[in-house]
Structures are given as structure tokens and as C-alpha cells.
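**Student:** The sequence and its predicted three-dimensional model are supplied below.
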Amino acid sequence: MESKKEFFLECYKLGIIKFGRFTLKSGIESPFYVDLRPLASDPKILKNLANYLLEMLPLDNFDLICGVPYAALPMATSMSLESYIPLIIKRKEAKEYGTKKMIEGIYQKGQNCLLVEDVITSGKSLVETIAEVEQEDLKVSDIVVVLDREQGGKQLLESKGFNVHTLFNISEVCDILQETGDLSDDEVNRIQDFLQGNHVQFEEKVKSTYETKLELLNHSVSIKLLETAISKKSNLIASADVTTTEELLALAEKVGPHIIALKTHIDIISDFEYTKTIVPLKALAAKHQFLLMEDRKFADIGNTQELQFTSGVFKITDWADFVTSQVIGGYDSLNCFKNVGVVAIVGMSSKGTLTSNNYREEALKVALSHPNVIGAVSQNTIPEEILLFTPGVNLADSGDGKGQQYNTPEHVFSKLHTDFIIVGRGIYQSENPELAAIEYKNAGWDAYLKSL
Ligand code: 5BU
């Protein structure tokens, strides 16, 4: 092979680095812009690149190769072809249907996976990718990078104990291009100045403990929920989607000690009578110290919601500690829920839901600004100012054949930073609902601790 310098110049000819003034994603103005994707369009260069990268590495250490999507995918593929180390593919987003797998390909737990990245800046996407690969019980010890922008990412990863191998860094690239006359001395100085002042730090998002949230939040229902979670070491809400008073009370009695709240769909109880259903239910809630969450999903104008909340046979206002509501009726439609907490429906768990990015963003604005709102139901992370409730949790199934999509407690805590999991059929349809509640309580608590 030619020298590394000659090889770089060949790559440079493909237009992978541009000099001038560029505004980066972060808003920072940079004197250079790097895009290594053109390398994949020249087969000879791509093959040589793979071999240069492989040459730097202790290849015996790796069972698998994985590229960080998307630019590094062809590089990882070529490295796999040249080295016969099997390739796995990391998705950018989990599959919408079925398994929610983040990694495709054949692999076994405990295998060591080499990560390939095209450009390293802050190290953010690598840190995220590593977490996702480790989530599949794979190990990561080494990362190979084509170009280091020398903005702190390499040091960050090294401080976390990873070996980071870089083929080129921006300083040596500047030297080469200064030598060939492609870059003037002035330009080189400008780049050096930029690099000195631009070590990008990114905030690794950490999940707050229930104790921290307790200090942060002040709605009485949020406080009660958090205090109950801490004292019971539970973040479990059981969804009692049963259809008779007898089943409802029996379930509440069994799971009561292990949950922080019981979620009802009170309108599915066929023999509902306030005195026979609600009075004993409230007694059980007091006995076992759990809150009552009525999953009414109000979705009307304020006046109608107020009537649905206070009147009819259910008189939800008299007994529920908190209720769910759509926010489709707008901010004012939530004004009537003065004496309870509101959990706003921001995103739904069902396949094909219309709660798109755009909708969720607007729904969150309402939720975050309304004083009655204590939290949101969503399948995405939300700001810390309100609590996140996540249904669609099941340890055994990935769906129900009717559109429900399930995740594990582990997934919703580590990925969504949820606060509370909601489990329905996983508990009430189990042969022993009490044992199932304990299992979900423990799984939820372990996942919470792990996510901190
Ligand atoms: P499951 O049996 O664990 O699938 O029950 C989930 C419960 O959560 C059920 O009562 C639903 O009405 C509720 N739910 C949901 O599953 N997904 C959502 O997005 C919303 C509510 Br909002």
C-alpha cells in the first residue's frame, strides 16, 4: 500500500473535507467541514481504508464488527469482508413492529464487538451506540475512527476506559495540506485557534432519582406518588382492566401492597355501583397505601369534560387521585381537574398511533404549562418537570395481536427514562397476580436503579 499520507491525499480528492465557514448542528461556526460518505463511492479507496483501519487493531480481540450508522456502515462492511470478522448492524431507531431489536445479525451474549466510526467530535453518538450495543449484552473495548476532529471525543471515551484508534486527526491533515499548498498558513492558524477553543462537552442525560424529583415537583399528587414509590421501593402501577366489581376488588387486595397506584377503566365494570365498587376500593387503597388512577382519557371541550368528571354514575371527581386526559381539547379543557392530578396523553403505545412527533411536541407544551398536569403518558422521553408514565410493558410478550406494542421495564427505564410503569395483562391475567405484581415491581425497581 502507498503511504498513509498519499492515501489521505487520494481521499481528500473525493471532497471529504471542506474549508471555509460552516455552521455545525450544534450552532458552532467551524472553519472546516468533514463528510466521509464519498469514500464509500470509490471501491478501491474503501477497500484500502478498511485495510488501514484493520492494520491498527488487535484483531484477535474481536468477535464482531459494528459501524455507527450511517456513514460508518460501508466502512464496517468492508472491514468485515477484509478480515472475516462477522458484521452486525445497529439500527438508528428500533423497529416499529415486532421485536424492537436495535441490533441485526447473528451474535451471542458476551462477544466483544469492535465499533467503527467515521468522524469523532464530542463522542456523543459513540457513547449512545456503545450503550445500545451493551444493552444486547455485547462487550465493547475498542473503537476505530477514521478522522478525529480533536474536539474532546477521543479523550472522553478514553476516560471511560475504551481504546480509541484513530487513522487521521485534523492537525496532521492540516499539516499535509499545508505542505501540498492546499491550505494557506492563515487558514491553518484559524483552524488551530478554533480547535483550541472548541472542545465540545456534551451533557450526558442522567435520570433523576425519585428523591431528586420530590424536591423538584410540588403538586400534592406527584409528591404522594413519589413518596409511595420510595417507601414501597416500587414504581409499578397495575392496570385493573377487569369487568366486574368482584374481580376489581380481589385484584386490588392481592396486588395492593406492591403497587403505587391502581389504574382503572371504571366504565368497563359491568356491575358498577358507587357503594359496592368505589367505597370498598377506596378502603383497599387506604389499607395498602396506593393511589387511584382513573384512565378516563377525557377528550372533549372543557364543559363536557367537567360533566364527565363530576357527574353520571361514576363521579370520578369523588374518588380518583389522578386521571388521564387527552390534551386535544387544548389548555383550557384541563381547567376542570382542579382537585386531582392530570396525566396528559402525549404519545400512545399502539401500532399506527397518530401521536406523531409534531403532535407530541404540541401536546407536551400544553402538559408542561398547565398547573393541573402532573405527568404524561408517552413512549418517548419527556422533560423532567413532569412525571412519565409508560404503559405497554410486559416481560413475556411483544404485542397482543390487537395493536398493543410491549417493551420491557429495562427498556423503558434506560431508554425512555420513565418514572412509572403501567402493567395490565402481565399481572391480572397471570395465574398468580400477586406473584406477578412482585415480579414486575422488582423488575421495575431494578431497572430504575440501573438507569440512574
Ligand atoms: P396491558 O394489558 O398491559 O396491555 O394494558 C395496558 C393499559 O394501559 C390498558 O389499560 C391501556 O388502556 C393503557 N394504555 C396503553 O396501553 N397504551 C397507551 O398508550 C395508553 C394507555 Br395512553
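**Tutor:** Arrived safely, thanks for sending.
**Student:** Contact residues of the chain facing the ligand?
**Tutor:** Residues of the chain lying near the ligand by Cβ under 6 Å from any ligand atom: 239, 241, 265, 295, 345, 348-349, 377, 391-392, 394, 404, 422-426. Every C-beta, even on glycine, is put in place using the N, C-alpha and C of the backbone.
**Student:** and those, which of them are in strands?
**Tutor:** Judged by DSSP state E, the residues of the chain next to the ligand include 239, 295, 345, 377, 422, 423 as members of strands.
**Student:** who wins for neighbours among those?
**Tutor:** Going through those with other Cβ atoms under 10 Å as the criterion, the one with the most neighbours is residue 423, at 30 neighbours.
**Student:** Need the per-residue pLDDT for it.
**Tutor:** What the model reports for residue 423 is a pLDDT of 98.
**Student:** and the gap between it and residue 363?
**Tutor:** For residue 423, the distance to residue 363 under the criterion Cβ to Cβ, to the nearest Å works out to 24 Å.
**Student:** what's the answer for residue 425, then?
**Tutor:** Spatial separation of residue 425 from residue 363 under the definition Cβ to Cβ is 26 Å.
**Student:** ok, the two, which is more surrounded?
**Tutor:** Of the pair residue 425 and residue 363, residue 363 is the one with more neighbours under other Cβ under 10 Å, namely 21 against 16.
**Student:** what residues are up against that one?
**Tutor:** For residue 363, the contacting residues are 327, 344, 345, 346, 347, 355, 376, taking Cβ atoms under 8 Å, 6 or more residues apart in numbering as the criterion.
**Student:** Quick check, pLDDT for it.
**Tutor:** pLDDT at residue 363 comes out at 96.
**Student:** before we move on, what about the one 10 residues further on?
**Tutor:** On the pLDDT scale, residue 373 is placed at 98.
**Student:** elements contacting the helix or strand of the chain with the lowest mean pLDDT?
**Tutor:** Averaged element by element with mean pLDDT, DSSP states H and E, the chain has its least confident helix or strand at helix 124-135 (a mean of 87). Using 3 or more Cβ pairs under 8 Å, 6 or more residues apart in numbering; DSSP states H and E as the contact definition, the elements that helix 124-135 packs against are strand 87-90, strand 113-120, helix 153-159.
**Student:** Can you add mean pLDDT and mean neighbour count and give these back as TSV?
**Tutor:** Formatted as TSV, the entries for those read as follows, by pLDDT from 0 to 100; neighbours: other Cβ atoms under 10 Å:
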stretch	mean pLDDT	mean neighbour count
strand 87-90	95	20
strand 113-120	97	26
helix 153-159	92	18
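**Student:** Now distance to residue 143 too, for those, in JSON lines please.
**Tutor:** Formatted as JSON lines, those follow (distance: least, Cβ to Cβ, whole Å):
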{"stretch": "strand 87-90", "distance to residue 143": "13"}
{"stretch": "strand 113-120", "distance to residue 143": "5"}
{"stretch": "helix 153-159", "distance to residue 143": "6"}
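**Student:** what's the pLDDT at the closest residue to residue 370 other than its chain neighbours?
**Tutor:** Using Cβ to Cβ, 6 or more residues apart in numbering and skipping residues adjacent in sequence, the residue nearest residue 370 is residue 334, 5.0 Å away. As summarised for this prediction, residue 334 has a pLDDT of 98.
**Student:** Could you grab the helix/strand/coil label for residue 11?
**Tutor:** The three-state label given to residue 11 by DSSP: H, G, I helix; E, B strand; the rest coil is helix.
**Student:** So what's the residue count around it?
**Tutor:** For residue 11, the number of neighbouring residues by other Cβ under 10 Å comes to 24.
**Student:** Residue 127 contacts residue 152, correct?
**Tutor:** No: proximity of residue 127 to residue 152 does not meet the contact threshold set by Cβ atoms under 8 Å, at 12.0 Å.
**Student:** and stretch 267-284, which residues are buried?
**Tutor:** Of all the residues in stretch 267-284, those buried under the rule 16 or more other Cβ atoms under 10 Å are 269, 272, 277, 278, 281, 284.
**Student:** Take that stretch, keep the C-alpha atoms, and write them as CSV.
**Tutor:** What follows is stretch 267-284 as a C-alpha-only set of coordinates in CSV (Å, rounded to 0.1, in the frame of the first residue of the first chain):
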residue,chain,number,x,y,z
ASP,A,267,-66.6,2.3,32.7
ILE,A,268,-65.8,-1.3,31.9
ILE,A,269,-67.2,-2.6,35.2
SER,A,270,-70.5,-4.1,34.3
ASP,A,271,-72.0,-4.2,37.8
PHE,A,272,-70.7,-0.8,38.9
GLU,A,273,-72.4,0.7,42.0
TYR,A,274,-70.7,3.5,43.8
THR,A,275,-71.3,2.0,47.2
LYS,A,276,-70.4,-1.6,46.2
THR,A,277,-67.5,-0.7,43.9
ILE,A,278,-65.9,2.6,45.0
VAL,A,279,-66.4,2.5,48.7
PRO,A,280,-64.5,-0.8,49.2
LEU,A,281,-62.0,0.1,46.6
LYS,A,282,-61.1,3.3,48.5
ALA,A,283,-60.8,1.3,51.7
LEU,A,284,-58.3,-1.0,50.0
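**Student:** what's in contact with it?
**Tutor:** Stretch 267-284 has contacts (Cβ under 8 Å, 6+ apart) with 241-245, 248-249, 252-253, 256, 262, 264, 266, 292, 296, 313-315, 318-319.
**Student:** pLDDT of that stretch, averaged?
**Tutor:** When pLDDT is averaged along stretch 267-284, the result is 98.
**Student:** And for stretch 435-452?
**Tutor:** Averaging pLDDT along stretch 435-452 gives 96.
**Student:** now it, how far from the centre of its chain.
**Tutor:** Distance of stretch 435-452 from its chain centroid, counting by Cα atoms, centre = their mean, to the nearest Å, is 18 Å.
**Student:** Hmm, residue 255 is touching residue 434, no?
**Tutor:** Yes: using Cβ under 8 Å as the test, residue 255 is close enough to residue 434 to be in contact (6.2 Å).
**Student:** Between the two, which has more neighbouring residues?
**Tutor:** For residue 255 against residue 434, the residue with the higher neighbour count under other Cβ under 10 Å is residue 255, and the figures read 26 against 16.
**Student:** Enumerate every residue touching the closest residue to the ligand within the stretch 351-452 of the chain.
**Tutor:** Nearest to the ligand in the stretch 351-452 of the chain, going by Cβ to the nearest ligand atom, is residue 424, at a distance of 2.6 Å. The neighbourhood of residue 424, defined by Cβ under 8 Å, 6+ apart, consists of 238, 239, 240, 241, 263, 391.
**Student:** any idea which helix or strand carries residue 364?
**Tutor:** Following DSSP states H and E, the helix or strand that holds residue 364 is helix 357-369.
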